[in-house]
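Participant: Coordinates only, no sequence provided:
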């Protein structure tokens with residue numbers, strides 16, 4: 001699967017294999033740490049399947065590495081950037097969901113801020129997301145279906161959410177137009 005990250009073609013399978021090897025993990029070891037089948041990791045690395053956002057997040061938790069750091073692929077610097085122009089936001093999304101993150105690396109950061117765009121019908125996947133943080137966001141336009149801990153809500157422009165991200169959750173654009181959201185996660189764990 002090819003994804004665009006900061007304007008460069010990006011192969012998820014190749015990146016996952018390189019990171020797994022850099023951390024000295026076999027496919028089987030990473031699968032055990034992530035709670036997924038080692039065959040799934042093999043299929044992703046061989047580009048025979050594309051993981052959902054939730055599945056990739058689950059696998060990266062076994063390294064551990066955030067989605068942001070996975071897609072940024074950069075070593076963090078000690079420079080403290082204050083202003084981020086639109087073209088400097090880092091794309092960490094895939095499959096109809098754009099997550100444009102403020103800042104390349106989240107190391108030493110207490111907050112992750114995202115500008116999200118979900119194409120009509122885009123979904124974070126059947127596997128529910130879970131991570132150690134709190135999450136909040138405001139819908140700027142479109143219709144967002146949010147499921148948290150078994151409850152499903154429909155939000156429109158101006159509506160907001162705030163929940164404990166350890167609860168299983170999922171996002172889906174149920175409208176016919178792009179859904180746009182600004183969200184925050186603290187501590188960064190997505």
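Facilitator: Received, thanks. Because the structure is predicted, anything quoted here is derived from the model rather than measured. Numbering: from 1, shown residues only.
Participant: The chain: strands as residue ranges?
Facilitator: 2-5, 8-11, 90-91, 97-101, 112-118, 134-141, 144-148, 151-155, 160-164, 169-173, 179-186 (DSSP state E).
Participant: where among those is the average confidence lowest?
Facilitator: Among the strands of the chain, strand 2-5 has the lowest mean pLDDT, at a mean of 38.
Participant: so who does residue 160 touch?
Facilitator: 136-139 (CB atoms under 8 Å, 6 or more residues apart in numbering). Where C-beta positions appear, they are placed from N, C-alpha and C, glycine not excepted.
Participant: one more time with 7 Å, if that's ok
Facilitator: Applying CB atoms under 7 Å, 6 or more residues apart in numbering, we find residue 160 in contact with 136-138.
Participant: Residue 51 versus that one, what's the distance?
Facilitator: With distances taken as CB to CB, to the nearest Å, residue 160 is found 29 Å from residue 51.
Participant: Show me what counts as buried in the top helix by length along the chain.
Facilitator: What stands out as the longest helix in the chain, according to DSSP state H, is helix 12-22. With burial defined by 16 or more other CB atoms under 10 Å, the residues of helix 12-22 counted as buried are 12-13, 15-17, 19-20.
Participant: Then stretch 115-130?
Facilitator: For stretch 115-130, by 16+ other CB under 10 Å, it's 115-118, 122-125, 127-130.
Participant: Reformat these as a markdown table; add distance to residue 57.
Facilitator: A markdown table is the format used below for the buried residues of stretch 115-130 (distance: CB to CB, whole Å):
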| residue | distance to residue 57 |
| --- | --- |
| 115 | 19 |
| 116 | 15 |
| 117 | 18 |
| 118 | 16 |
| 122 | 16 |
| 123 | 14 |
| 124 | 9 |
| 125 | 9 |
| 127 | 9 |
| 128 | 10 |
| 129 | 6 |
| 130 | 9 |
